[in-house]
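[1] quick one, fold the following:
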Amino acid sequence: MATFVKLSTKAKMPIVGLGTWRSPPGKVKEAVKAAIDAGYCHIDCAYVYQNENEVGEGIQEKIKEKAVKREDLFIVSKGMEELVDQGLVKALGISNFNHFQIERLLNKPGLKHKPVTNQVECHPYLTQEKLIQYCHSKGITVTAYSPLGSPDRPQAKPGDPVILEIPKIKEIAAKHKKTAAQVLIRFHIQRNVVVIPKSVTPSRIEENIQVFDFQLSDEEMATILSFNRNWRACNLFAASHSEDFPFHAEY
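    The predicted structure is shown next:
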């Protein structure tokens with residue numbers, strides 16, 4: 001079972017990473033260290049999360065301890081083309097792009113760096129089948145954020161669906177002697193989609209990467225795909241007035 005996906009640049013991207021959005025300062029450094037101890041080599045970050053310095057401290061400490069080498073780590077931030085030109089960044093991706101926007105980007109005259117991945121929200125209530133198919137057809141990997149439905153998101157409303165509580169998913173999990181979260185992560189791996197569950201709890205961080213010792217059947221995969229209702233945990237309403245708002249399109 002491959003534990004990574006091959007990007008169009010030939011680089012290998014570990015298929016399970018640690019998400020750090022909403023991981024609070026004071027906790028995120030220990031989360032990163034716990035993740036590296038548990039075998040994670042892929043850490044997903046962004047300047048806008050306001051915790052990158054602490055993520056960096058956790059990584060540096062583990063490198064100093066010789067627990068891991070920098071070249072073995074795949075670190076994602078939200079950077080720009082110039083950094084690739086300067087050799088500071090190995091590959092460039094995009095986030096929340098719909099297929100029209102990707103098409104426009106790929107057809108941009110003088111495009112220097114083709115995106116290697118598109119990071120989008122993805123889980124059983126937002127399966128993104130058409131977008132994944134489109135991206136894969138263009139040699140672009142997909143990275144799933146909020147794969148567990150982002151239960152701690154700030155805009156959660158009472159009555160919103162709780163993906164980890166879907167009875168059928170809990171049933172599938174029980175059958176495999178796994179947790180619902182592990183099933184949701186495995187679901188993406190079997191679609192060749194990179195997945196970045198976020199946690200600051202060491203036991204959960206460890207649990208979230210223990211997903212390579214079981215296989216969901218075709219029937220179980222079809223069942224999970226059947227839950228799609230195009231529901232977003234992260235709807236980015238604040239940007240919905242923008243002409244570049246990506247979620248008005250079907251995919």
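
[2] now the helices for this protein?
    Remark: helices assigned in the chain by DSSP state H are 28-38, 52-64, 81-85, 99-106, 129-137, 167-176, 180-189, 202-208, 218-225.

[3] let's have those helices in a markdown table, adding mean neighbour count.
    Yep, even glycine has a C-beta here, placed from its N, CA and C like the rest. A markdown table is the format used below for the helices of the chain (neighbours: other Cβ atoms under 10 Å):
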| stretch | mean neighbour count |
| --- | --- |
| helix 28-38 | 21 |
| helix 52-64 | 16 |
| helix 81-85 | 13 |
| helix 99-106 | 14 |
| helix 129-137 | 16 |
| helix 167-176 | 15 |
| helix 180-189 | 23 |
| helix 202-208 | 18 |
| helix 218-225 | 15 |
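
[4] was I right about Cys234 contacting Arg153?
    Yes. If you go by Cβ atoms under 8 Å, Cys234 and Arg153 touch, sitting 6.4 Å apart.

[5] mutual contacts of these two, please.
    Contact criterion Cβ atoms under 8 Å, 6 or more residues apart in numbering; residues shared by Cys234 and Arg153: Ser146.

[6] which one's more surrounded, those two?
    Neighbours per residue (other Cβ atoms under 10 Å) separate Cys234 from Arg153, with Cys234 holding more: 18 against 15.

[7] quick one: contacts for that one?
    Counting by Cβ under 8 Å, 6+ apart, Cys234 touches Glu121, Tyr145, Ser146, Ser150, Arg153, Gln155.

[8] now intersect the residues you listed with the strands, please.
    Secondary structure from DSSP state E places Glu121, Tyr145 of those in strands.

[9] determine which two of the contacts of Cys234 are furthest apart.
    Tyr145 and Gln155 (14.9 Å; Cβ to Cβ).

[10] these two: which is more packed in?
    Tyr145 (23 against 12).

[11] the more buried one and Gly26: what is the separation?
    Distance of Tyr145 to Gly26, given as Cβ to Cβ, to the nearest Å: 22 Å.

[12] how about the nearest residue to Leu225, chain neighbours excluded?
    Distances taken as Cβ to Cβ, 6 or more residues apart in numbering place Thr127 nearest to Leu225, at 5.3 Å, with adjacent residues excluded.

[13] how many residues are close by that neighbour?
    20.

[14] contacting residues around it?
    Contacts of Thr127 by Cβ under 8 Å, 6+ apart are Ile224, Leu225, Phe227, Asn228.

[15] go through the helices of the chain and find the least confident stretch.
    Note on the helices of the chain: helix 81-85 shows the lowest mean pLDDT, a mean of 90.

[16] hang on, Leu126 packs against Arg232?
    Yes. The pair formed by Leu126 and Arg232 meets the contact definition of Cβ under 8 Å, at 5.9 Å.

[17] out of the two, which sits in the busier spot?
    A count of neighbours by other Cβ under 10 Å puts Leu126 above the other of Leu126 and Arg232, at 22 against 16.

[18] any idea what that one is bridged to?
    Beta-bridge partners for Leu126, by DSSP bridges, are His123.

[19] quick check: phi and psi at the residue nearest to Leu225.
    Phi and psi for Thr127, reported as degrees, to the nearest 10, are phi -80, psi -20.

[20] tally of neighbours for Pro24?
    Neighbour tally, Pro24, other Cβ under 10 Å: 11.
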